[in-house]
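Participant: Below are the sequence and a predicted model for it; my questions follow.
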Amino acid sequence: MSPPPKPTLLILGGAGAQNSAVAKIFSNAGTYSIRMLTRSTRSAHASDLAHLANITLIAGDCYDDATLASAFRGVDLCFVNTNGFAIGEKNEIYWGIRMYEIARWAGVKHFVYSGLPYVSMNGGFDPSRRVPFVDGKGKVAPHVSGSDLAAAFEAVTGNKARYEDIPLQDVLNAMPVGKIGSQGSPGYDDPTLKTAPEHFGPWWQIFRESGGNTGLWKRDYELLDEIMPDRIKSVEQWMRKVAYDGKPGKYLTTGLSME
C-alpha cells in the first residue's frame, strides 16, 4: 500500500525571513506538503526555498480575495505572517481577519497567525508606546537586555564588547525619514504606514523596558518549549547558528528597502 498523502500547509505573507525559516523547518521535518504564496518566486528568499523538499512556490498577491480563495483550496493548515511594514496597520487588521474568514470557508483545520502582544499600559493605551505593525497583529491575534547582548557578542566573536545606552533619539535621527515599504504596496498612502523612526522608536523603547521577559511584551517560554523543544533559546545560540562575526550582514531581512 502507498503511504497516505501528507497534509498540506500553506504559508502566507511572502518568502521573507520569518516565513522562510518556518518553511525550512517543516521541509526538513518532511511532515507536510508545503505551499508558499509569494509575490515573486524569483526573490532571494524564494530562490533559496525553491530547491527544498516538499515546498511548492506559488506566485500571487496574498492581499487579494480571489488569490486567497484559490490558494486555500485543499489546504489543511496555514501559517500567516502579514507585513505591517509594507501595508500599514489598517490593512494588516483587515487582511488578518479576511485571511481567517477565507480559510474557514475553505475548510482549513488549523490557522496559525504570527503576531505580537497588543501593547497596553494598565489596561489603557500609551501613545508613546505605539508600534503600528505590532498593534495591527495584536488586534488580530524573547527579550534580551543590552548587557546580555554584549556578553553574547563577545562570547561568539571573541571581540571585546560593552553595552552603552546611547540616547534613542540620536539613533532615530540617523535613520531614513521616508515610509517603510514600496509605493506599490496596499495602503502605502494610508497614515498608519509609518516612517522608520516612527516604527522603531517606540519599539526599541519597549525592548529597553522589557529585558528578562518582565516588560510589556512577554512570552510563555514553557509553551514555546513544548511546541518546539529544539528552538533557539538565546541570542548567543542564534549568533552561533548563523555564524555571526560582528560585521554587517543580511542576517534578518524583510525584503524591503528603507533607502
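Facilitator: Structure's in. What do you need?
Participant: Could you check the pLDDT of Lys160?
Facilitator: Listed pLDDT for Lys160 reads 91.
Participant: nearest residue to it other than its sequence neighbours?
Facilitator: What sits nearest to Lys160 in space, not counting adjacent residues and going by CB to CB, 6 or more residues apart in numbering, is Glu154, at 6.2 Å. C-beta coordinates here come from the backbone N, C-alpha and C atoms, glycine included.
Participant: So that neighbour belongs to a strand, correct?
Facilitator: No - membership of Glu154 in a strand is not supported by DSSP: H, G, I helix; E, B strand; the rest coil, which gives helix.
Participant: Hmm, Tyr163 and it touching each other?
Facilitator: No - the pair Glu154 and Tyr163 does not pass the contact test of CB atoms under 8 Å, sitting 10.5 Å apart.
Participant: So the residue nearest to Lys160 versus Met239, what's the distance?
Facilitator: Remark: distance between Glu154 and Met239 (CB to CB, to the nearest Å) = 10 Å.
Participant: which neighbours do these two share?
Facilitator: Taking CB atoms under 8 Å, 6 or more residues apart in numbering as the contact criterion, Glu154 and Met239 have no common neighbours.
Participant: So between those two, which is more surrounded?
Facilitator: The residue with more neighbours, out of Glu154 and Met239, is Met239; 20 against 15, by other CB atoms under 10 Å.
Participant: State the pLDDT value of that one.
Facilitator: 88.
Participant: buried stuff in stretch 192-209?
Facilitator: By 16 or more other CB atoms under 10 Å, the buried positions in stretch 192-209 come out as 192-203, 206-207.
Participant: Where does pLDDT dip in the protein?
Facilitator: Judged by pLDDT under 70, the chain has its weakly predicted residues at 1, 115-142, 181-187, 211, 215-217, 250-259.
Participant: quick one, what contacts Leu10?
Facilitator: By CB under 8 Å, 6+ apart, Leu10 lies in contact with 34-37, 71-72, 75, 77-79, 108.
Participant: Pretty sure it sits in a strand.
Facilitator: Yes - if the criterion is three-state DSSP, then Leu10 is within a strand.
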